[in-house]
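*Asks:* Following is a predicted model, sequence given first.
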Amino acid sequence: MKRHRKPMIFSFTLFIFLSAFIFAKPEQTSAFSDQVIQQGAVGDDVIELQARLKHIGFYNGKIDGVFGWGTYWALRNFQYEFGMEIDGLAGQAAKDKLTQATEFDKEKVKQEMYGTGSAPSGGNNGGEESTPTSSVNVPQGYSNNDIQLMANAVYGEARGEPYEGQVAVAAVILNRVNSELFPDTVSGVIFEPRAFTAVADGQIWLEPNDQAREAVLDAINGWDPSGNALYYFNPDTATSGWIWTRPQIKTIGKHIFCS
Amino acid sequence: MYRWITITLLTVALISVSIWGYQTNKQKNDLYVQAENEYQRSFHELTYNMDVLNDQIGTSLAMNSPDKLSPQFVDIWRISSNAHANTGHLPMGLLPIHKTEQFLSELGDFTYQTAVRDLDNDPLTEEETAQLEEFYQQSGEIRDELREAQHHSLSDGSKWMDVEQALLNTNDEKDNDMVNSFQAVEETFDTTTEETPENSTTSTETEEHSYKNIAGHDLSEEEAMKEAEKLFGKEDGTDWTVTKSGDGALTPMYSVSYDENGERGYADLTVQGGHPLNLLVSREIGGKQLSLNEGFEIAKDYLSELGFDEMELFQSSEYDQVGIYSFVYEDDGVRVFSDAVEVKVALDNGDITGLTANNYFKNHTERDIPEPAISEEEARDAVNQGVKIQENHLAIIDDNQGEEILTYEFLGTRDDATYRIFINAETGEEEKIEKMTDAEINYNSVI
């Protein structure tokens, strides 16, 4: 029982504090932090921005906490209608205007976002407190599942390699997708028989870590430490003599990358 | 008494082990047959595809009327894409059948481009007919080799699973008939492609050119380390590892890296001039302290410090406490998409954790940008009426042939979707239309 007392006292104090706050300043509804919100941002400020833009009729998409294109156009149109500079950035002026013109009920919006239950916790540790958003950013032309599949391949092939070696393996997969010598899809390249040892021996089905995922995102966003390679091999375990005849670009960790 | 119990127990054990062994073996064989059948299907389909392709290309050579030719090309395009998919299903990771794949891909490009063209007004040129004849001849050769392989496979009962084994044993690679047939395909192809210079209409995809924007003297390893210190903002005393690239690199470069307090940094610098092509820092990233916008300011300052001028933010995204920013070069108000630079900023303390300027150093040059031949109004009229245009720019993009062209770039919406539309500023044609990817449902958060 003792364990529960502290949080109870805490929430009671919080309640008193909050009600005092509400009674003292009935108009105050804004919870915007002082950041300038720009396209691509995620988090509570974006939820508030979307909810307020929706309240005033500029935004008609889903409130998901990700500043995507829909939010961007809504904000620009809002700035246009209110005679502000149209830059698609939610700076102090835009936030003030929005706060004046609209209402925002955080609890209600959150409930709509996550259904009847409370918002799921976890995900972010430290820093600003925030709840996970109901959507996530994905790079142009890729789904989260594509990223997951590639992360599986990268983890199976290159865990234990330096970070740039993992990015390079992901880059090779993408270089192959773009090459006419290989299948045209990520899954086609990964599951081409005998193309990757991790696929052949089942290591691709290990649970990838966050680093592998980050490496895949970097490769998709344009990083290619492999130097445009189409192949790589581990000189200690290479089974094909042919691979040695390829012009070599560079060695990263245990892998030699070649074109 | 004990003897009999022992004998009975052992007999029972022996029988159960035998049953278990039999079942395991049967399962293994079933899976083996299943895997083999998958390979067999792809292989036989591939040979069938090549048969049909050869016939169809031959037929198209004898055709005269464009109303027949276009559907014929569509058909060839479809079959070649099927065949390409089938090659991807064969265990060829160890045996390159690249010539076959390249043939299929070039044939697909050629037939697609001619099929979508208005052949009434713009009939096949003499070169294109010659190209088609060459495709016909090549497809015939590949078909013959594949038929031979198919014959071996059917008459000797050779298995793809054995091919895998043969390929894994580099020493007796030559012993397998099927491997030999495929190598024969590669070899015949080598001789045929050497005789005929590559036709410019077909090789559009692998347009590689050297780096246009690197200048300066060649750096020594010590100088490369100095450059790296500047780039990472490191003091003297960092323990750098420097390696030089091999023959396959598009431009010679140094790769420098360090490991320090659980942080690893890596960068590629060109030997000539020491330009940074890639930079990556990997470390644990703590809780978010900075907004995406503050990270943008840091990224912008970093770029101007490194001497990238006139860079304009084109896209930004936040992923797990990291901000990723794409900049494009702006030449007198014209956005040049091929001169892109990406910067990664850790949003816990604002450190730069990544930079890639590979495209910038590869493509950036002094450009002589012409005045657009059509007005913005005329370009707007060329956009689908259902799209509400929200934003516009002038932009330089690469067309299908890899040539840079001046376009009007329109960002517009149709219902909830956002599109990026490029209208050629000279001809008024739609060059490219992209639907912008929006945020995806976070499946982890759905309760």
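*Replies:* Done, it's in.
*Asks:* Secondary structure element holding the residue nearest to residue A:186 when sequence neighbours are not counted?
*Replies:* For residue A:186, ignoring the flanking residues on the chain, the nearest one in space by C-beta to C-beta, 6 or more residues apart in numbering or on different chains is residue A:146 at 5.4 Å. Any C-beta I mention is one placed from the backbone N, CA and C, and that applies to glycine too. Applying DSSP states H and E as the criterion places residue A:146 in helix A:144-158.
*Asks:* So what touches that helix?
*Replies:* With contact meaning C-beta atoms under 8 Å, 6 or more residues apart in numbering or on different chains, helix A:144-158 is reached by A:136, A:138-139, A:165-166, A:169-170, A:173, A:186-187, A:190, A:196-199, A:203-209, A:212-213, A:215-217, A:219-220, A:253, A:255, B:440, B:443.
*Asks:* Report the inter-axis angle for the helix or strand that that helix is followed by versus helix A:144-158.
*Replies:* Scanning forward in sequence from helix A:144-158 by DSSP H and E, the next helix or strand is helix A:163-178. Using axes from the mean of the first three to the mean of the last three C-alpha atoms, to 10 degrees, one finds that helix A:163-178 and helix A:144-158 are set 120 degrees apart in direction.
*Asks:* which helices and strands does the helix or strand that helix A:163-178 is followed by pack with?
*Replies:* Once the chain leaves helix A:163-178, the next helix or strand it forms, by DSSP H and E, is helix A:186-190. For helix A:186-190, the elements it packs on are helix A:144-158, helix A:163-178, judged by 3 or more C-beta pairs under 8 Å, 6 or more residues apart in numbering or on different chains; DSSP states H and E.
*Asks:* Pull out the buried positions in helix A:186-190.
*Replies:* If you call a residue buried by 16 or more other C-beta atoms under 10 Å in any protein chain shown, then helix A:186-190 has these buried ones: A:186, A:188, A:189, A:190.
*Asks:* CSV for these, including pLDDT and distance to residue A:53?
*Replies:* Compiled in CSV, those are given as follows (pLDDT from 0 to 100; distance: C-beta to C-beta, whole Å):
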residue, pLDDT, distance to residue A:53
A:186, 89, 35
A:188, 88, 41
A:189, 89, 41
A:190, 90, 40
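*Asks:* which of these lies closest to chain B?
*Replies:* residue A:188 (5.4 Å; C-beta to the nearest C-beta).
*Asks:* Can you tell me the closest non-neighbouring residue to that closest one?
*Replies:* residue B:88 (5.4 Å).
*Asks:* Residue A:185 versus that neighbour, what's the distance?
*Replies:* As for residue B:88, its distance to residue A:185 is 9 Å (criterion: C-beta to C-beta, to the nearest Å).
*Asks:* higher neighbour count, those two?
*Replies:* Neighbour totals were compared for residue B:88 and residue A:185, and residue B:88 leads with 20 against 13 (other C-beta atoms under 10 Å in any protein chain shown).
*Asks:* pretty sure that one is touching residue A:194, no?
*Replies:* No: contact between residue B:88 and residue A:194 fails when scored by C-beta atoms under 8 Å: they sit 11.3 Å apart.
*Asks:* Break down the chain into its strands, ranges please.
*Replies:* Picked chain A for this. A:135-136, A:231-233, A:248-252, A:255-258 (DSSP state E).
*Asks:* actually chain B
*Replies:* B:241-244, B:253-260, B:263-270, B:276-282, B:311-319, B:322-331, B:334-346, B:352-356, B:388-398, B:404-414, B:417-424, B:430-435, B:440-441.
*Asks:* neighbouring strands for the first one, and are they parallel or not?
*Replies:* To tie it back to what came earlier, the one meant is strand B:241-244. strand B:253-260 (antiparallel) (DSSP bridges).
*Asks:* got the phi/psi numbers for the one residue in the stretch 201-350 of chain B that gets nearest to chain A?
*Replies:* In the stretch 201-350 of chain B, the residue that lies nearest chain A is residue B:287 (2.7 Å; C-beta to the nearest C-beta). Dihedral angles of residue B:287 (phi, psi; degrees, to the nearest 10) stand at phi -60, psi 150.
*Asks:* Go through stretch B:57-64 and flag the buried ones.
*Replies:* Those would be B:57, B:60, for stretch B:57-64 by 16+ other C-beta under 10 Å.
*Asks:* actually stretch B:34-45, not the one I wrote
*Replies:* B:35, B:39, B:42, B:43.
*Asks:* Please apply the same query to stretch A:173-182.
*Replies:* So, applying 16+ other C-beta under 10 Å, buried residues of stretch A:173-182: A:173, A:174, A:175, A:176, A:177, A:179, A:180, A:181, A:182.
*Asks:* which one is residue A:79 nearest to, not counting chain neighbours?
*Replies:* In space, residue A:79 is closest to residue A:86, 4.7 Å off (C-beta to C-beta, 6+ apart).
*Asks:* my bad, should have said residue B:359
*Replies:* Residue B:359's closest residue in space is residue B:340 (C-beta to C-beta, 6+ apart), at 5.0 Å.
*Asks:* show me what contacts residue A:68?
*Replies:* The neighbours of residue A:68, taking C-beta under 8 Å, 6+ apart as the test, are A:39, A:61, A:135, A:137, B:438, B:439.
*Asks:* same thing but 7 Å
*Replies:* By C-beta atoms under 7 Å, 6 or more residues apart in numbering or on different chains, the residues touching residue A:68 are B:438, B:439.
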